[in-house]
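In: The following comprises the amino acid sequence and a computationally predicted model.
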Amino acid sequence: MNEIDFLPKWYKNDRRQQFSYRTQYIVLGTIFVAMLVCNLATTHSISKAEAELAKGEPTAIAAKNVSQEFARIKSEIAELQQKAKYVEAIDSRIDVASVLAEISFLIDKKIVLSKVEFIAEKFSDRQWVTPNNSSVVRIAGSLVGKRDLPFGDVRFKAVLSGVASDSRDVAELICKLEDSPYFCQVIPSFSKNKKIKAQGSASGKELQVSEFEISCYLANYLLQSAGFIK
């Protein structure tokens, strides 16, 4: 038996178009919802990233400040190290008070000093004499020109001038200086008899004394040369 379709063709076409439109609406709606969800997710991610950046901004500022402070301190340290080199170059490393105290201890009552002089000298390669041991050590450098200033590694020459009651007291002082750990290379420059007027004497009485000058070096260094200190 044949089926008879009573629906007109235009009706069927209209239903097909409606179904097609409905399908398109559903697809477009789905796409719109997907885009909306994606937009919301992106907005949330951006907001979260901005919050993280805002949270880390104080840390970044602190790190930048620390870096700048480190650079400043490093620059100050370099400047101080350079100044320390200059100070070390001009530092005489001589304890004048201790040396004068040692001289006062060695000087007898029969000796009167008129001059105590300390002269800084640069070292020469020809100076091979090792001084007496001392608690203060200076390393001698190499040969330098005569015009160089006495900075850096220098040794000090002490010149003692005065009078003694006689030449025996001068000789005794020389022996004391040689035995002292503060001095080395003790050399008597001269010693001669001299008459001086006695203090408080109205008659002009003169006394016979021994005028002297002694030179020596402070034993606060060690020579650096072949066979000694490397």
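Out: Cool, the structure landed.
In: Longest helix in the chain, please.
Out: Counting by DSSP state H, the longest helix found in the chain is helix 9-90.
In: What is the subsequent helix or strand relative to that one?
Out: Downstream of helix 9-90, the first helix or strand assigned by DSSP states H and E is helix 96-106.
In: Show the pLDDT at Leu222.
Out: What the model reports for Leu222 is a pLDDT of 56.
In: what do you get for Phe70?
Out: So Phe70 comes in at 90 (pLDDT).
In: could you check the distance from it over to Lys83?
Out: Using C-beta to C-beta, to the nearest Å, we find Phe70 at a distance of 20 Å from Lys83. In short, each C-beta sits where N, CA and C put it, glycine included.
In: returning to what we had before: give me the distance from the longest helix of the chain to the chain's centre.
Out: Centroid separation for helix 9-90 versus its chain: 46 Å, with C-alpha atoms, centre = their mean, to the nearest Å.
In: same deal with stretch 164-174?
Out: Distance, centroid of stretch 164-174 to centroid of chain: 47 Å (C-alpha atoms, centre = their mean).
In: Check stretch 160-180 too.
Out: Worked out by C-alpha atoms, centre = their mean, stretch 160-180 lies 43 Å from the chain centre.
In: Contacts for that stretch next, please.
Out: For stretch 160-180, the surrounding residues in contact (C-beta atoms under 8 Å, 6 or more residues apart in numbering) are 102-103, 106-108, 110-117, 132, 183, 186, 188, 191, 193-194, 196, 208-216.
In: Filter the residues you listed down to the buried ones.
Out: 102-103, 106-107, 110-111, 113, 116, 132, 183, 186, 188, 209-216 (16 or more other C-beta atoms under 10 Å).
In: Which residue is the nearest non-sequential neighbour of Glu117?
Out: Setting aside the residues directly before and after it, Glu117 is nearest to Val159 in space (C-beta to C-beta, 6 or more residues apart in numbering), at 4.3 Å.
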